[in-house]
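Participant: Sharing a model that was predicted from the sequence below.
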Amino acid sequence: MDGDLALWYARSRSKSNDFDRGRRQQEVLRTLFQKALQTNTFSKIPQLYNDLASTVVTDVGLSDLLGLAPYAVNFTNANIRSYYIRPPYVTGWTTPGGASVLLPQEEQMQQLLTEATTLSTYASAREAITVEVQNGSYFETLEILAASRLNYAGYQTSTSPADNRNYANSVLVDYTPGQDSSQRQTIINVLGIYSANVISLPDPNSPVQYRVILGTDYQACFKPEELTH
């Protein structure tokens, strides 16, 4: 995706709305952050800050950015939480002048803010889990899309080749001792894997806690705003 296409993707409301546009803008920001990590962009912060000073208005100073940079380089997309302001957090209203606006619903909005600013023990447990994703289908790059979905849900991921590309159904291999099945169930729900296709192989020496082998039944499209944190 080049710059023009990324701009269209982030700004378009054709056959869509402001809520969906906001979701897509968050996707673009996530991707920009990941690209910045891959290309060592953080080492160029002083130069970029000066280059953008005439077009970007911010109260974050260069010294603040330099102080935050060491923390950012250790982040992955699994450490980023995305929240979306949409119904039921807001409701539509037309002003006396005829403008269409959104009114915040105080109780629901407070719940959203509390969730966004509170680190739950369950979310912390997810960050300690690595899910290896393999593409067992003939659809190229499917493992990247599935890994991204797991990142949205808060899981660390890795990708590797599958033993073959002829899997009709997606499979989840669970290497954990099995005392807590809640994480396994969350992965099943996030990726849409059938419970019958879960294989339990407890292995304390496994480098990953779970392995997903994607089959041709995997549906890559999803709604990140519906994933729980």
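Facilitator: Happy to help now that I have it.

Participant: average pLDDT for the longest helix seen in the chain?
Facilitator: As assigned by DSSP state H, the longest helix anywhere in the chain is helix 18-38. Mean pLDDT, helix 18-38: 88.

Participant: Show me what it is in contact with.
Facilitator: 6, 9-13, 41-42, 72-73, 75, 77, 80, 82, 84-87, 224-225 (CB atoms under 8 Å, 6 or more residues apart in numbering). For glycine as for every other residue, the C-beta is placed from the backbone atoms N, C-alpha and C.

Participant: Now with 6 Å, please.
Facilitator: 6, 9, 10, 13, 77, 82, 84, 86, 225 (CB atoms under 6 Å, 6 or more residues apart in numbering).

Participant: next one: that helix to chain centre, how far?
Facilitator: Here helix 18-38 is found 9 Å from its chain centre; the criterion is CA atoms, centre = their mean, to the nearest Å.

Participant: Share the number of residues neighbouring residue 24, please.
Facilitator: Using other CB atoms under 10 Å, the number of residues around residue 24 comes to 16.

Participant: Please tell me how far the lowest-mean-pLDDT helix or strand in the chain is from the chain's geometric centre.
Facilitator: Sorted by mean pLDDT, DSSP states H and E, the helices and strands of the chain end with helix 121-127, the least confident at a mean of 76. Its chain's C-alpha centre and that of helix 121-127 lie 15 Å apart, by CA atoms, centre = their mean.

Participant: What residues sit buried inside it?
Facilitator: By neighbour count on 16 or more other CB atoms under 10 Å, the buried set for helix 121-127 is residue 126.

Participant: May I have the helix or strand just after that helix as PDB, with CA atoms only?
Facilitator: The first helix or strand that comes after helix 121-127 along the chain, using DSSP states H and E, is strand 130-135. C-alpha atoms of strand 130-135 as PDB (Å, rounded to 0.1, in the frame of the first residue of the first chain):
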ATOM      1  CA  THR A 130       3.000 -16.400  22.500                       C
ATOM      2  CA  VAL A 131       0.900 -18.000  19.700                       C
ATOM      3  CA  GLU A 132       2.700 -19.400  16.800                       C
ATOM      4  CA  VAL A 133       0.700 -19.000  13.500                       C
ATOM      5  CA  GLN A 134       1.300 -21.300  10.500                       C
ATOM      6  CA  ASN A 135      -0.500 -21.100   7.200                       C
END
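
Participant: Quick one: residues in contact with strand 130-135.
Facilitator: By CB under 6 Å, 6+ apart, strand 130-135 touches 142-143, 146-147, 150, 155-160, 162, 208, 210-214.

Participant: Can you list the strands that it pairs with?
Facilitator: strand 156-161 (parallel), strand 210-214 (parallel) (DSSP bridges).

Participant: any low-confidence regions in this structure?
Facilitator: 122, 179, 226-229 (pLDDT under 70).

Participant: What's the separation between the residue nearest the centre of it and residue 219?
Facilitator: Closest residue to the average C-alpha location of the chain: residue 152 at 2.4 Å, with CA atoms, centre = their mean. Going from residue 152 to residue 219 by CB to CB, to the nearest Å gives 15 Å.

Participant: now swap in residue 117 and tell me
Facilitator: Per CB to CB, residue 117 is found 32 Å from residue 219.

Participant: Could you do residue 135 as well?
Facilitator: Taking CB to CB, one finds residue 135 at 14 Å from residue 219.
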